[in-house]
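Student: pasted the sequence and its predicted model underneath.
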There are 2 protein chains.
Amino acid sequence: MQGLLNDWRRTNYAKETTPEIAGEEVTIMGWVHEIRDLGGIIFVIIRDVTGRIQITAPSKKVNAEILEELRAFRKESVVAIKGTVQEAGKAPNGVEIIPKETKILNLANQPLPMDPTEKVKAEIDTRLDSRFLDLRKENVSAIFKIKGQMFHTIRDFFYENGFYEINTPKLVASATEGGTELFPITYFEKEAFLGQSPQLYKQMMMGSGMDKVFEIGQIFRAEEHDTLRHLNEAVSIDAEASFMDDEDVMKILNDMLVNVINDINENCSAELEILGHELPEVDGDFPHVCYDEAVDIINSKGVEMDWGEDLSRAAEKALGDTMGGFYFLTKWPAAIKPFYVMPFEDDDKYAHAFDLMYNNLELSSGATRVHQYDLLVKQIEERDLNPDGFGSYLKAFEYGMPPHAGWGVGADRLTMVLTGSENIRECVLFPRDRHRLTP
Amino acid sequence: MQGLLNDWRRTNYAKETTPEIAGEEVTIMGWVHEIRDLGGIIFVIIRDVTGRIQITAPSKKVNAEILEELRAFRKESVVAIKGTVQEAGKAPNGVEIIPKETKILNLANQPLPMDPTEKVKAEIDTRLDSRFLDLRKENVSAIFKIKGQMFHTIRDFFYENGFYEINTPKLVASATEGGTELFPITYFEKEAFLGQSPQLYKQMMMGSGMDKVFEIGQIFRAEEHDTLRHLNEAVSIDAEASFMDDEDVMKILNDMLVNVINDINENCSAELEILGHELPEVDGDFPHVCYDEAVDIINSKGVEMDWGEDLSRAAEKALGDTMGGFYFLTKWPAAIKPFYVMPFEDDDKYAHAFDLMYNNLELSSGATRVHQYDLLVKQIEERDLNPDGFGSYLKAFEYGMPPHAGWGVGADRLTMVLTGSENIRECVLFPRDRHRLTP
């Protein structure tokens, strides 16, 4: 059988192959990034997840059989090379490998549907159709390395702050927020929906006494958006904490993002450099602007907006231009927020709700939640929803629900900010939108 | 408005309230676990996520107003108490709190649908219907604290071993493994399905050069099982690694589980004690038994099984009785494994596939994958599937797919082993089966 690994194993990644190990024999495995056959000498650049390494085969030093094998290499094929490390000032990492044995693990067909080494930018749809090739570009994989670090830091932050990880069901019997933008599913003989948010579940968990919980998981929204900021399947970072209010959980979110940015600066500097992206400076607390002030700012920029309306795209842009960076938008009109949001005690026109914005992009929504059964039922009814549809959720409020607050962050949107991406599709491996269901 | 937190904040969890801080003033928040009113003295036990703490109110020391407030407490209500810590040998943590101020944050209705403090075991269905109350029992929340530690350790293990975290879509255009047991979904004007496994996506990621990836995410299977080991929505821990074979990834899985068990023993000893569960001893390598040997063992136990069949439940039990603990079942007949599994080079009756078992419970399946396009197409056709249905998957094998191997572990089943649970429903917060879609 062709292309088997058998007893070959990689001994060194490209990055680990440095002048310090000159003279050692190594086995390198990766993709053929470049071949230059100058007759008397053949250069092959091999690429792996850590970087690139040069194979140098001068016809005087390397036997004819190896030279023939190298000549059979094709760009983007998967190969393995055993050879000796030698210092070489101008090559990647300052070394080259003089090959002793080679193996083709998988030949790439030609031509490629897109060239991962070419400088010309392909269209996003072409790239997504061949995402596996697109990801071979270091400026594409850099995004997902940064996204991985983001999740890593966020989970560590939750662990350190006493949050328990939970997994809530994605198959649900009814709409989370009474919305109509749900994907219906046939669940045996019943109708079910895909969860648009873990909201009701994380609140029920507050009634369990587990105090502080988080979930990082998929959410599904059947919205017919066609923008650079929306997808129909997304990853949401959700947190909920008992005995806390909106101010407390804004502080948690603020601190978490400071950690994320510091960790990415520390651990992903190479990826940021590849992307030509500098992370926003953050230290201490993000500014807070209340909704009333925001309306004034937006109007003063010539964008019309009445009190009580949600922010239009133009309004978000006007506000983002003034505020810049991360900021909390607080004290929203209660009527445009969901039923589970706590109104102000002294003026129930306003709610203890906030959004976290970055420039003109909404990253997170959060709030103090209503924990009193009667008020919750009243707010459900005021929104023309039927409390009977919320049976098992409401039950949790009858038998000892603590005061609580929480938020959800769009992980893919946060990745846009962290990587300087303009299109959310850049930040999702296999995005799902109105028109795209493959690969 | 009733029950607001206002400027009250918890200063101490129960566990943090120890004789070392006697004399200090603290604010405790939690659930009323027990009230004993002896006339001249009232004892209230408050429960929070860390444990229990006693409030002691002797009528001589505490004013009448506070005594009245304490008498208004009801079991499982949410309350806050400000008071002074005092040593008390026999009370939980060796302390009691003399109350100075109290606040009822939410009164629990009576009677409760189930009593979380009662010793009598309720039926699983009653418990799941009121899961938020069920979770107030320490032997129930202990399961999810252990499950959280399991995920924590597993992710740390992946990070330390150079695996990148990925998120793959749960909305897919076609069946992962050609199976028919899929939940159909209406995706705008198209038909789609819920992903039954990230298998094809993690393999495509191997073609991206990202080398080693993991995903912890939901999977959905429309199987009409009604057992203690199956659910229709589950969490799967998936890993895939390039330039590795089945032996390499079995070693990774083995090492990961050793880490998980060590970490749980170290960090969850209180939870294990509550559950009365001792974790299986593991050190070094789990035993391997090949399929042929397994058939002999099973037949020798009086359970009939022909070569080439999958293991029946009776066969799993017979094998589990002999092997015990964790063991790998290797070298399966190729014909009963999926198309993406690599056959043996010298005898393609067998495949480089393995299961990880614990006693008679299958925890994981894995394999060396086929990375050669032609062989993959052949194996798809041999299973009466149409290669045209695997377009974007197959494309990744044409342009430089490295040799690779991987596995998936059922996270909920692994939690059964780690917590000594007999029913998988014990290990999922809100389980989904043929009959249950709520809460």
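Tutor: Received the coordinates, thanks.
Student: pick out the residue nearest the middle of chain A.
Tutor: In chain A, the residue lying closest to the centroid (Cα atoms, centre = their mean) is A:Asp412, at 3.9 Å.
Student: mind checking what secondary structure it has?
Tutor: helix (DSSP: H, G, I helix; E, B strand; the rest coil).
Student: these two touch, right, it and A:Ser236?
Tutor: No: assessed by Cβ atoms under 8 Å, A:Asp412 is found out of contact with A:Ser236, at 9.1 Å. Backbone N, C-alpha and C define where each C-beta goes, glycine included.
Student: now the strands for the stretch 201-350 of chain A?
Tutor: Ranges of strands within the stretch 201-350 of chain A are A:212-220, A:233-242, A:288-290, A:326-333, A:350-358, based on DSSP state E, counting those that start in this stretch.
Student: okay, those in CSV with mean pLDDT and mean neighbour count next?
Tutor: Listed next are those as CSV, based on pLDDT from 0 to 100; neighbours: other Cβ atoms under 10 Å in any protein chain shown:
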stretch, mean pLDDT, mean neighbour count
strand A:212-220, 98, 23
strand A:233-242, 98, 24
strand A:288-290, 98, 16
strand A:326-333, 98, 22
strand A:350-358, 98, 23
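Student: need those strands in CSV with distance to chain B, can you?
Tutor: As requested, the strands of the stretch 201-350 of chain A are exported to CSV (distance: least, Cβ to the nearest Cβ, whole Å):
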stretch, distance to chain B
strand A:212-220, 5
strand A:233-242, 5
strand A:288-290, 18
strand A:326-333, 16
strand A:350-358, 10
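Student: reformat those as CSV; add distance to A:Leu279.
Tutor: Converted to CSV, these look like this (distance: least, Cβ to Cβ, whole Å):
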stretch, distance to A:Leu279
strand A:212-220, 21
strand A:233-242, 18
strand A:288-290, 21
strand A:326-333, 11
strand A:350-358, 11
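Student: which strand residues bridge A:Asn106?
Tutor: Judged by DSSP bridges, the bridge partners of A:Asn106 are A:Val78.
Student: correction: the previous question concerned A:Phe43.
Tutor: A:Arg36, A:Thr56.
Student: which one is A:His288 nearest to, not counting chain neighbours?
Tutor: Among residues not flanking A:His288 along the chain, A:Phe328 sits closest, at 4.6 Å (Cβ to Cβ, 6 or more residues apart in numbering or on different chains).
Student: an error on my part: the question was meant for A:Ser130.
Tutor: A:Pro113 is the one closest to A:Ser130 (Cβ to Cβ, 6+ apart), at 4.6 Å.
Student: let me see the contact set for that neighbour.
Tutor: A:126, A:129-130, A:133, B:395, B:399 (Cβ atoms under 8 Å, 6 or more residues apart in numbering or on different chains).
Student: so it versus B:Phe43, what's the distance?
Tutor: Here the criterion is Cβ to Cβ, to the nearest Å. By it, A:Pro113 lies 74 Å from B:Phe43.
Student: returning to that earlier point: show the buried residues in the contacts of A:Pro113.
Tutor: The neighbour count (16 or more other Cβ atoms under 10 Å in any protein chain shown) marks A:129-130, A:133, B:395, B:399 as buried among those.
Student: spell out which residues of the stretch 251-400 of chain A are next to chain B.
Tutor: A:345, A:371-372, A:375, A:391-393, A:395-400 (Cβ under 8 Å from any Cβ of the partner chain).
Student: write a PyMOL command that selects only the buried members of those.
Tutor: The following PyMOL line selects those of those that are buried, judged by 16+ other Cβ under 10 Å:
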select buried, chain A and resi 371+372+375+392+393+395+396+397+399+400
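Student: in helices, which of the residues of the stretch 251-400 of chain A next to chain B fall?
Tutor: A:375, A:391-393, A:395 (DSSP state H).
Student: list the buried residues of stretch A:249-263.
Tutor: A:249-250, A:252-254, A:256-261, A:263.
Student: that should have said stretch A:298-307, apologies.
Tutor: In stretch A:298-307, counting by 16+ other Cβ under 10 Å, buried: A:298, A:303, A:305.
Student: of those, closest to chain B?
Tutor: Proximity of the buried residues of stretch A:298-307 to chain B (Cβ to the nearest Cβ) peaks at A:Met305, which lies at 29.8 Å.
Student: can you tell me which residues contact A:Glu16?
Tutor: By Cβ under 8 Å, 6+ apart, the neighbours of A:Glu16 are A:Thr50.
Student: thinking again about what came up before, closest one of the residues of the stretch 251-400 of chain A next to chain B to chain B?
Tutor: Closest to chain B, out of all of those and judged by Cβ to the nearest Cβ, is A:Ser392, at 3.3 Å.
Student: burial check on the residue lying closest to the closest one once chain neighbours are set aside, number of neighbours?
Tutor: Using Cβ to Cβ, 6+ apart and skipping residues adjacent in sequence, the residue nearest A:Ser392 is B:Pro439, 3.3 Å away. B:Pro439 has 22 neighbouring residues, counting by other Cβ atoms under 10 Å in any protein chain shown.
Student: distance check, A:Gly39 against A:Leu67.
Tutor: For A:Gly39, the distance to A:Leu67 - Cβ to Cβ - is 10 Å.
Student: residues shared between the contacts of the two?
Tutor: Joint contacts of A:Gly39 and A:Leu67 (Cβ under 8 Å, 6+ apart) are A:Ser59.
Student: quick one, which of those two is more surrounded?
Tutor: A:Leu67 (17 against 6).
Student: the residue nearest to A:His288 contacts A:Phe354, correct?
Tutor: Yes: A:Phe328 lies in contact with A:Phe354 (Cβ under 8 Å); the separation is 5.1 Å.
Student: report the contact partners of A:Gly51.
Tutor: Counting by Cβ under 8 Å, 6+ apart, A:Gly51 has contacts A:13-15, A:92-93.
Student: for it, name its beta-bridge partners.
Tutor: A:Asp48.
Student: related to what we said a few turns ago, the contacts of A:Gly51 into JSON lines, with extra columns for distance to chain B and pLDDT?
Tutor: Formatted as JSON lines, the contacts of A:Gly51 follow (distance: Cβ to the nearest Cβ, whole Å; pLDDT from 0 to 100):
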{"residue": "A:Tyr13", "distance to chain B": "9", "pLDDT": "98"}
{"residue": "A:Ala14", "distance to chain B": "11", "pLDDT": "97"}
{"residue": "A:Lys15", "distance to chain B": "11", "pLDDT": "96"}
{"residue": "A:Pro92", "distance to chain B": "16", "pLDDT": "91"}
{"residue": "A:Asn93", "distance to chain B": "18", "pLDDT": "92"}
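Student: just the ones of those residues in helices?
Tutor: Per DSSP H, the subset of the contacts of A:Gly51 in helices is empty.
Student: by neighbours, which of those wins?
Tutor: Counting by other Cβ under 10 Å, top hit in the contacts of A:Gly51: A:Ala14 with 22 neighbours.
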